[in-house]
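1. With the sequence up front, the predicted model follows.
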Amino acid sequence: MGGIYVNDRAVSVLENYEIEVLRTWKGRGAILCESDKGLLILKEYNGPKDKVIFQDALLQSIRQRGFLAAESLLKTKEGELIAYDQDRVPYILKTYFEGKECNLRDIKECVQAVKTLAKLHEAAQMEERDISGQSQRMERGIDKDYEKHNRELKKVRKFLKDKSQKTNFEIFLLKNYDYFLNMALRTAEEVSAYSAENGKEDAPCIICHGDYQYHNIIVGSHGMEGMAVVNFEKCVWDNPVRDLYLFMRKLLEKSGWSQELGTLLLDTYRRERPLQPEDCRQLYFRLLYPEKFWKIANFYYNSGKAWIPGRNMDKLEKLLAQEQEKIRFLENFKSMYG
């Protein structure tokens, strides 16, 4: 190794790899490395060992299936995916793509991101025997997630009601609580009723990215018409609309729940990879569930509560301001795809 000018003990981790380091520099929460193997990124890894094995198997599999615009994990000289510094802090080393994050205000980029997602899902459609790490298999279905969220929402409401002295945020939160809690409970009931009526038929075996958001989609001079996908640490077996929902919800919130934009994104995905009626229904349920409210309430409850950042009030006010637009969007969505 030579040419290192970052004074960081984590850099010594690079000695575990068969690479020639030309220079390193600090990135956002990571160390970037120019090497004889190209640009690399060294990041702390907080997950279990079997998850990174699963992640590596996925990345290798989708590459073999023609999806080249995704990162790769490098193994150490000993063939391990995790390396440790002197304090036993775990790290992973990955290939790195130069470029900028997908711009949510650029519709062309967002459409391309949805096309890229559909192509990723095509490559990630496989049987369990096609990939190692079967222990990562999870129960598909959102009903269990919503049951857990709803228990948490009830707990937060009880805490708020029992609190004798309330801040302005807490008063405002409690004032609007029942509306969103009732919607959360109704959504969970609809999901259960739909599952009971239609059965829990297996959706295609897809390994979702798990965190398909703009900051994990890199626009630059590489494959897939200039887009690459990074940070697969949350990859998981699930229905593909898990990823589609996450990306669409962010955009729809920013656009005031634009019907035109929602149709454009969904039709873009469907042209690349067909969706079954049950997939569209699950997307509807995911959009209907008040996840943003649950996040606001959960963040409040799990924080110190002594000081509530002003941005939480802003988020709640924006959520309320958009609620009627969201309801109109979902009514139209249900009539078109439901």
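-> Arrived safely, thanks for sending. Fair warning: this is a prediction, and the values are worked out from it, not measured in the lab.
2. pLDDT below threshold where in the stretch 51-200 of the chain?
-> Applying pLDDT under 70 to the stretch 51-200 of the chain picks out residues 127-141, 199-200.
3. Which stretches in it count as helices?
-> Using DSSP state H, counting those that start in this stretch, the helices found in the stretch 51-200 of the chain span residues 107-123, 143-162, 168-175, 177-198.
4. Adding distance to Gly27 and mean neighbour count, write those out as JSON lines.
-> Backbone N, C-alpha and C define where each C-beta goes, glycine included. Compiled in JSON lines, the helices of the stretch 51-200 of the chain are given as follows (distance: least, C-beta to C-beta, whole Å; neighbours: other C-beta atoms under 10 Å):
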{"stretch": "helix 107-123", "distance to Gly27": "22", "mean neighbour count": "20"}
{"stretch": "helix 143-162", "distance to Gly27": "32", "mean neighbour count": "15"}
{"stretch": "helix 168-175", "distance to Gly27": "35", "mean neighbour count": "15"}
{"stretch": "helix 177-198", "distance to Gly27": "38", "mean neighbour count": "15"}
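5. I'd like to know which of the ones you listed is closest to Tyr337.
-> Relative to Tyr337, the nearest member of the helices of the stretch 51-200 of the chain by C-beta to C-beta is helix 177-198, separated by 13.9 Å.
6. so that closest one versus helix 168-175, what angle?
-> 40 degrees (axes from the mean of the first three to the mean of the last three C-alpha atoms, to 10 degrees).
7. Show me what helix 177-198 is packed against.
-> helix 143-162, helix 277-288, helix 291-302 (3 or more C-beta pairs under 8 Å, 6 or more residues apart in numbering; DSSP states H and E).
8. returning to what we had before: dump the helices of the stretch 51-200 of the chain to CSV, plus distance to Glu260.
-> Conversion of those to CSV gives the following (distance: least, C-beta to C-beta, whole Å):
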stretch, distance to Glu260
helix 107-123, 10
helix 143-162, 29
helix 168-175, 32
helix 177-198, 25
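9. quick one: buried residues of stretch 235-251?
-> Across stretch 235-251, burial judged by 16 or more other C-beta atoms under 10 Å covers 235-249, 251.
10. what does it rub up against?
-> 54-55, 58, 104, 110, 113-114, 117, 121, 136-138, 140, 203-214, 261-262, 265-266, 269, 273, 275, 279-280, 282-283, 286-287, 291 (C-beta atoms under 8 Å, 6 or more residues apart in numbering).
11. Among those, name the buried ones.
-> Restricting the contacts of stretch 235-251 to buried positions leaves 54-55, 58, 104, 110, 113-114, 117, 121, 136, 140, 203, 205-214, 261-262, 265-266, 269, 273, 275, 279-280, 282-283, 286-287, 291, with burial counted as 16+ other C-beta under 10 Å.
12. my read is Pro274 is in a helix, agree?
-> No: secondary structure assignment (DSSP: H, G, I helix; E, B strand; the rest coil) places Pro274 in coil, not in a helix.
13. any chance of the helices and strands packed on helix 177-198 in a markdown table, with distance to Leu185 too?
-> As requested, these are exported to a markdown table (distance: least, C-beta to C-beta, whole Å):
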| stretch | distance to Leu185 |
| --- | --- |
| helix 143-162 | 6 |
| helix 277-288 | 12 |
| helix 291-302 | 12 |
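14. Any idea which of those helices gets closest to Lys26?
-> Between Lys26 and those, the tightest spacing by C-beta to C-beta is seen for helix 291-302, at 28.5 Å.
15. how far does the closest one sit from the chain's center?
-> Relative to the chain's own centre, helix 291-302 is displaced by 17 Å; criterion: C-alpha atoms, centre = their mean, to the nearest Å.
16. Report the buried residues of the next helix or strand after it.
-> Moving toward the C-terminus from helix 291-302, the next helix or strand (DSSP states H and E) is helix 310-337. Residues 312-313, 315-316, 319, 322-323, 325-326, 329-330, 333, 337 are the ones in helix 310-337 that count as buried (16+ other C-beta under 10 Å).
17. wouldn't Ala188 be in contact with Arg151 here?
-> No: using C-beta atoms under 8 Å as the test, Ala188 is too far from Arg151 to be in contact (10.4 Å).
18. Tell me which two of the buried residues of stretch 235-251 sit farthest apart.
-> By the measure C-beta to C-beta, Trp237 and Leu251 form the most distant pair in the buried residues of stretch 235-251, at 25.1 Å.
19. closest to Ala10 out of the helices of the stretch 51-200 of the chain?
-> Closest approach to Ala10 among the helices of the stretch 51-200 of the chain is made by helix 107-123 (29.9 Å; C-beta to C-beta).
20. Going by contacts, tell me the helices and strands next to that closest one.
-> helix 49-64, strand 217-219, helix 223-226, strand 227-229, helix 241-254, helix 259-272.
21. Just checking: what are the partner strands of the second one?
-> Here the strand partners of strand 217-219, with direction, are listed using DSSP bridges: strand 100-101 (antiparallel), strand 227-229 (antiparallel).
22. Contacts for it next, please.
-> When contacts are defined by C-beta under 8 Å, 6+ apart, strand 217-219 is touched by residues 97-103, 109, 113, 116, 226-230.
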